[in-house]
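1. A structural model of the following input is requested.
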Amino acid sequence: MSLFEDVNAGIKAAMKARDKQRLEALKGIKAEFLLIKTAPENNGEVTDANAIKALVRMVKQRKESAELYASQGRQDLASEELAQASVVEEFLPKQLSDEELTVQLKAIIAQVGATSPKDMGKVMGVATKQLAGKAEGRAISAKVKQLLS
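-> Down below sits the predicted model:
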């Protein structure tokens, strides 16, 4: 089943369970998927790769909003954003652990032939494509910097 179909099934389940918070998050995901589907370059399809990019972006936005709300003293809104982020994260692939990330990045560094911090751009280009949705961009960048130093 594709991510688009998974989200639709989740919406039905949330409606039956009368879970408003989960339903709201799932409807937001579906709206994002429909925007992807109607984009001219996607030919009316939502690929899992496009869906994962959108989900990663949504999680990042929700977490940034939660931080902003928390800094403003609005813990009620911050907790709501974090709850929605956790629902969105359910549809992402399993995140790599620190050790798994290190192993995969070492393989990418060897594949690219990087030897110094000057080669970070080459490594990041390949790493972000191969590890999309499996690791956060900041974590990848920090680990590549550490490995190339």
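2. C-alpha only now, for contacts and for neighbours.
-> Will do.
3. list the buried residues in stretch 34-52.
-> Neighbour-count burial for stretch 34-52 flags 36, 37, 45, 46, 51, 52 (criterion: 16 or more other CA atoms under 10 Å).
4. next up, the contacts around the last one.
-> So that's residue 52. 92, 132, 133 (CA atoms under 8 Å, 6 or more residues apart in numbering).
5. could you single out the nearest of the buried residues of stretch 34-52 to residue 79?
-> Nearest to residue 79 among the buried residues of stretch 34-52, counting by CA to CA, is residue 52 at 23.4 Å.
6. which helix or which strand is home to the closest one?
-> helix 48-71 (DSSP states H and E).
7. one step back: and the buried residues of stretch 34-52 as JSON lines, adding distance to residue 73 and pLDDT?
-> Shown next, in JSON lines, are the buried residues of stretch 34-52 (distance: CA to CA, whole Å; pLDDT from 0 to 100):
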{"residue": "36", "distance to residue 73": "34", "pLDDT": "87"}
{"residue": "37", "distance to residue 73": "37", "pLDDT": "86"}
{"residue": "45", "distance to residue 73": "41", "pLDDT": "82"}
{"residue": "46", "distance to residue 73": "38", "pLDDT": "79"}
{"residue": "51", "distance to residue 73": "33", "pLDDT": "83"}
{"residue": "52", "distance to residue 73": "32", "pLDDT": "83"}
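8. what's the domain layout of the protein?
-> Domains of the chain are assigned by automatic domain parsing as 3-89, 98-148.
9. quick check: residue 100 vs residue 70, distance?
-> If you measure residue 100 against residue 70 using CA to CA, to the nearest Å, the figure is 32 Å.
10. of these two, which one has the most company?
-> residue 70 (15 against 11; other CA atoms under 10 Å).
11. and the more buried one, what's its pLDDT?
-> pLDDT for residue 70: 93.
12. name the element the residue nearest to it when sequence neighbours are not counted belongs to?
-> Sequence neighbours aside, residue 78 is the residue nearest to residue 70 in space, at 5.7 Å (criterion: CA to CA, 6 or more residues apart in numbering). Assigned by DSSP H and E, residue 78 belongs to helix 75-89.
13. what helices or strands is that helix leaning on?
-> With contacts taken as 3 or more CA pairs under 8 Å, 6 or more residues apart in numbering; DSSP states H and E, helix 75-89 sits against helix 20-38, helix 48-71.
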